[in-house]
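My questions concern the predicted model and sequence given below.
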Amino acid sequence: MSSSSPTQQSGARARHKAGTVAVASYIGTTIEWYDFFIYGVAATLVFRGQFFPGFSDLAGTLAAMGTFAVGFIARPIGGVVMGHFGDRIGRKSMLVISLLMMGGATTLIGLIPTYDSIGIWAPILLIVLRLVQGAGVGGEWAGAVLMAAENAPAKRRSLYGCFPQLGLPSGILLSQLAFLLLTGVLSPKDFGAWGWRLAFLTSAVLIVVGLLIRLRIEESSEFTKVREAGQIEKLPVVEVFRRSPLQILIGSLASIAAPAIGYLVSVYMVSYGTATLKLPISTMLWILVGVSVVWLLMVLAAGLAGDRFGRKATFAVGAAVGVVWAFPLFWLVDTRSIALIVVALLGITAANSIMAGPQPALITQMFPVRLRYSGSTISYTIASILGGGITPLLATALFAKFGSSTAVSVLVAVVCLISLAAVLCANRRILYAEEPASAPAKGKPVQPLIEGTTG
């Protein structure tokens with residue numbers, strides 16, 4: 001019986017490492033998105049009465065949604081700081097720090113006294129901890145996707161890179177299940193008084209699980225090569241703006257639609273379904289649970305499609321679906337039919353998934369390895385603020401002003417059009433980073449920094 005060659009053994013070890021890192025990235029991002037989304041659900045269901053009791057229904061809802069949006073203000077700070085050290089020290093250490101920040105802030109939110117107990121300090125503490133959450137998640141996405149994509153086989157970067165993206169629907173799924181369990185076993189009075197806190201305190205346990213996983217994975221192989229070659233930049237954030245401003249612009253605009261749809265579904269739809277359509281809270285949460293399961297599968301399928309048909313083409317299809325589905329989305333939801341609401345949300349999450357699958361490989365490959373954490377984080381953070389942080393708040397305000405879901409549909413369509421236009425404008429020189437020292441001679445074709453990729 002012949003034994004495998006050293007090359008085969010090395011390849012097997014590399015694939016095993018890539019798979020382990022991808023799964024670890026998925027589990028870590030799931031925990032962080034759970035932390036992020038239980039805040040969104042609580043802001044919709046609880047925080048208006050607990051922290052803003054003197055406001056009218058609309059003003060209280062806007063104030064609670066405003067604290068959700070506040071987390072996005074801190075994202076650029078966390079993103080810039082973690083991007084700097086992620087490109088200088090490594091991706092792994094930043095992922096550990098982001099997990100501690102997110103989990104610690106989430107646990108403390110579960111311990112904040114209400115407005116009735118400490119007055120104005122209650123919403124102030126809530127906002128401060130929300131800012132810590134935002135700073136923590138600011139550097140999470142890029143670190144997780146880089147760990148997955150930079151350790152992946154050359155022709156499977158879209159698939160492996162999409163694993164951290166699975167954390168979004170998984171985090172939504174866990175957050176909905178947590179609140180379904182609590183609202184199912186507790187009376188509305190007990191849930192509103194103290195039961196909601198249990199969802200936040202659970203984060204303390206999840207932190208331990210996430211740390212055990214993240215401390216065991218190895219550093220990104222591509223970053224390790226750059227560090228060993230002595231190519232670390234002193235100020236990567238400054239350098240990425242100097243060398244890749246167009247990539248940051250295109251990457252930011254292209255990335256707007258996916259988080260906008262994600263937060264629209266996970267946060268705004270809960271508020272819209274319960275407050276406007278008068279559906280039971282449990283009904284909306286169960287709908288999101290079912291949709292999130294399918295969402296997971298669609299992201300995986302889109303990751304495969306990105307490797308098979310090209311990241312740019314796959315992403316563009318998702319953005320186009322978002323434009324087309326923006327109006328049927330609310331036509332179906334407004335029927336109050338459970339089956340049609342499910343169809344509506346599956347359609348819009350399909351648009352999100354088709355973009356989210358190839359997005360990590362698409363965005364990260366725009367930047368050279370030594371600037372990649374900073375460039376990817378800045379692009380995604382800008383997009384998250386414009387697309388994710390503002391969308392639930394703006395959707396609430398638009399519906400209040402016009403009294404029609406058509407205004408919200410226009411918002412969704414415009415956001416998706418921006419992402420579609422951005423990705424269609426991206427040529428090969430934008431999509432593939434190239435080290436200045438290795439620029440091809442005039443007349444020779446551009447070679448991508450990442451081998452084996454296709455646009």
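Done, it's in. Numbering: from 1, shown residues only.

Low-confidence stretches in the stretch 251-400 of the chain?
Counting by pLDDT under 70, the stretch 251-400 of the chain contains no low-confidence range.

hang on, I meant the stretch 51-200 of the chain
Checking the stretch 51-200 of the chain against pLDDT under 70 turns up 56-57, 65.

again, only using 90
Low-confidence segments of the stretch 51-200 of the chain, defined by pLDDT under 90, span residues 51-80, 90-106, 114-128, 130-157, 161, 164-165, 167-184, 186-196, 199-200.

So Ala433 sits against Ser244, correct?
Yes. At 7.4 Å, Ala433 and Ser244 qualify as touching, with contact defined as Cβ atoms under 8 Å. In short, each C-beta sits where N, CA and C put it, glycine included.

what touches both of the two?
Here Ala433 and Ser244 share the contacting residues 366-367, 371, scored by Cβ atoms under 8 Å, 6 or more residues apart in numbering.

Which one (most neighbours) among those?
Phe367 (28 neighbours; other Cβ atoms under 10 Å).

Inside strands: which ones of the shared contacts of Ala433 and Ser244?
Nothing among the shared contacts of Ala433 and Ser244 maps onto strands, per DSSP state E.

of all the residues you listed, which comes closest to Arg308?
Minimum distance to Arg308 across these is 20.7 Å, recorded for Met366 (Cβ to Cβ).

Could you find the closest non-adjacent residue to that closest one?
Nearest residue to Met366 in three dimensions, chain neighbours excluded: Gln247, at 4.1 Å (Cβ to Cβ, 6 or more residues apart in numbering).

cool, and Ser266?
Nearest residue to Ser266, sequence neighbours excluded (Cβ to Cβ, 6+ apart): Ile172, at 4.7 Å.

The one you found is in contact with Gly290, isn't it?
No. With contact defined as Cβ under 8 Å, Ile172 does not count as touching Gly290 (11.3 Å).

Would you check how far apart the residue nearest to Met366 and Val240 are?
Going from Gln247 to Val240 by Cβ to Cβ, to the nearest Å gives 8 Å.

who touches both of these two?
367, 375.

pull the longest helix from the protein.
Assignment by DSSP state H gives helix 6-45 as the longest helix of the chain.

what's whichever strand or helix holds Trp141 packed up against?
Using DSSP states H and E, Trp141 falls within helix 140-150. Packed against helix 140-150 by the contact rule (3 or more Cβ pairs under 8 Å, 6 or more residues apart in numbering; DSSP states H and E) you find helix 6-45, helix 75-88, helix 91-109, helix 157-161, helix 221-228, helix 359-364, helix 372-383.

still on that earlier bit, redo the shared contacts of Ala433 and Ser244 as a markdown table? Include distance to Ser220.
A markdown table is the format used below for the shared contacts of Ala433 and Ser244 (distance: Cβ to Cβ, whole Å):
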| residue | distance to Ser220 |
| --- | --- |
| Met366 | 17 |
| Phe367 | 14 |
| Leu371 | 14 |
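
Go through those and name the one nearest Leu235.
Leu371 (10.2 Å).
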